[in-house]
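> Build me a model:
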Amino acid sequence: MKIKDSRNNIIDVVAIYWYKERTVFLSIPKNYGGLMVFNSNNVEIIDPVMNFRTIYFDNDMHGIYHWALIEEDLLDEVIDHDPKSFNRFIKILKSEGVLSEDFI
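Predicted structure coming up:
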């Protein structure tokens, strides 16, 4: 799934969750080093297809997540910009063809 932000950046979405009546996207902007949160009301959906295996995860942010965020227990660390976890997640996304090889 891809969204376009207010600066016209195209950004890959790796999770969708619902929090207090809002739909929120967790995404990976280039050169950011972690996950960024976007309110669905503030972006344009460019590609609605999630081209990876997903898992429904029910916590305070119940939603649909890329499998590795849950099964590899990477969610909290990637949100917190832990470099080791982030690099592991990027490696998985590249191996699946979700991200291009030149993604940083």
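> Mind listing what's buried along stretch 25-37?
Within stretch 25-37, the residues scored as buried using 16 or more other C-beta atoms under 10 Å are Phe25, Leu26, Ser27, Ile28, Pro29, Gly33, Gly34, Leu35. Any C-beta I mention is one placed from the backbone N, CA and C, and that applies to glycine too.
> Closest to Met50 out of those?
Minimum distance to Met50 across the buried residues of stretch 25-37 is 10.8 Å, recorded for Phe25 (C-beta to C-beta).
> for that closest one, phi and psi?
When read as degrees, to the nearest 10, the backbone of Phe25 gives phi -110, psi 130.
> Lys4 versus that one, what's the distance?
Taking C-beta to C-beta, to the nearest Å as the criterion, Phe25 is separated from Lys4 by 11 Å.
> ok, now Ala68?
25 Å.
> now swap in Asn42 and tell me
To Lys4, Asn42 is 10 Å away according to C-beta to C-beta.
> try Asp82
Asp82 sits 27 Å away from Lys4, going by C-beta to C-beta.
> Let me see the ranges of the helices in this protein.
Using DSSP state H, the helices assigned to the chain run over residues 67-71, 75-79, 83-95.
> Does Asp12 touch Leu99 like I think?
Yes: counting by C-beta atoms under 8 Å, Leu99 is a contact partner of Asp12 at 6.3 Å.
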